[in-house]
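Participant: with the sequence up front, the predicted model follows.
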Amino acid sequence: MKITKIKHIGVFTSGGDSPGMNAALYAIAKASEKNGIKVSGFRKGYEGLIDGDFLPLKSHDLQKLVHLGGTILKTARSKRFMELEGRKKALQTLRTNKIDALIAIGGDGTFKGLLAFSEICDIPFIGIPGTIDNDLAGTDYTLGFDSAVNTAIENIDKIRDTAESHNRVFIVEVMGRDSGYIGIHSGLTTGADAILIPESGKDLINLLEKVKNYDSEDAFLIVVSEGDEIGTDLVASKIKEVNPNVDLRITRLGYVQRGGNPSALDRMLGIRLGVASLKALSEGKKNAMVGLLNNQVYLTPFNQVVKQHQIKDELNRLLELFSK
Ligand code: F6P
């Protein structure tokens, strides 16, 4: 890989933090140094671009931080960047500091921001998918998803211990915004009795059918994605309607799913996509996200990425099989 034209890259993390972001920063710094390119890391996502708040990134410093969750650059959901005024200030920052290319690590909001920015700024932008939700088209997995699922599994396993001891019904709510990926993966791998996700219309019917005949001789675990259209509290009251005797508890796993050391998969994904983002720039690519599809690096234009990642047919069949 040889990059001749680009001399100075800006990079930032944006939206919800996700484990593996630091590994991607390390890989970007490493690959850039090999090509004699300077890398500046903007703090707090688009906010740092607007305010000109950045620091030099060196692979020597970052290699010690690969194992850390969160993002050392900090992150934000910037309201100011949604306004043209904010984007003009960001453009000024790039011009003043002679930044030739931008790499953004984030989710769909981040890439929508870059699409809007591309209307007034013509330097190349490359995105790296970073969100625990796994809700982006153009990649099989996003950075942080695997770690979040592992955290969810660890906690659901613990809940099973107490649920089995008391013969209780437990609803465990997992994150994912409008996506059921964390729900499906954590529910299937913990032997949940029911999994409710936003993408499925039949899951509540299946659950109520099952719980109606539940005899309190065992635990009954239900994983509900936070974006499910019925919602955790309503699911609980529907269960009580069909089986008033159940001893029911609710646990919302919440932000523990966002933190913690990245899994091996997320670290490798960060390293691979970090290097791939440099390769894409070297090939003159712009306004696209690097992702892994069938374990190969692919570039997908931002306007296609922001369409929700569909639940694969095979996963839907698994959900159906294990929900009955
Ligand atoms: O997008 C990641 C995520 O953790 C979602 O799963 C969740 O709905 C959302 O972020 C919470 O966002 P915030 O921390 O901004 O409230």
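Facilitator: Great, that's in hand. Numbering: from 1, shown residues only.

Participant: quick check: the closest residue to residue 135 other than its chain neighbours vs residue 206, distance?
Facilitator: Closest residue to residue 135 apart from its sequence neighbours, by CB to CB, 6 or more residues apart in numbering: residue 179 at 3.8 Å. The way it works is simple: take the backbone N, C-alpha and C, and place the C-beta from them, glycine included. Residue 179 sits 20 Å away from residue 206, going by CB to CB, to the nearest Å.

Participant: between the two, who's got more neighbours?
Facilitator: More crowded of residue 179 and residue 206, by other CB atoms under 10 Å: residue 179, with 27 against 19.

Participant: correct me, but the more buried one touches residue 132?
Facilitator: No: using CB atoms under 8 Å, residue 179 makes no contact with residue 132, being 9.6 Å away.

Participant: and residue 186, its phi and psi?
Facilitator: phi -80, psi -30 (degrees, to the nearest 10).

Participant: up against the ligand, what does the stretch 151-300 of the chain have?
Facilitator: Counting by CB under 6 Å from any ligand atom, the stretch 151-300 of the chain comes close to the ligand at 175, 176, 177, 226, 258.

Participant: the stretch 1-150 of the chain: strands as residue ranges?
Facilitator: Under the criterion DSSP state E, counting those that start in this stretch, the stretch 1-150 of the chain carries strands at the ranges 8-13, 38-42, 54-56, 101-106, 125-129.

Participant: mean neighbour count, those strands: which tops it?
Facilitator: Ranked by mean neighbour count, those are led by strand 125-129 with a mean of 30 (mean count of other CB atoms under 10 Å).

Participant: parallel or antiparallel, which strands does it pair with?
Facilitator: Strand 125-129 pairs in its sheet with strand 101-106 (parallel), strand 288-293 (parallel), by DSSP bridges.

Participant: roughly how far out does it sit from the chain middle?
Facilitator: Relative to its chain's centre, strand 125-129 lies at 13 Å (CA atoms, centre = their mean, to the nearest Å).

Participant: close to the ligand, is it?
Facilitator: No: Strand 125-129 stays out of contact with the ligand when judged by CB under 6 Å from any ligand atom, the minimum separation being 11.5 Å.

Participant: what angle do the strand or helix carrying residue 158 and strand 125-129 make?
Facilitator: Using DSSP states H and E, residue 158 sits in helix 145-166. With axes from the mean of the first three to the mean of the last three CA atoms, to 10 degrees applied, the angle from helix 145-166 to strand 125-129 works out at 20 degrees.
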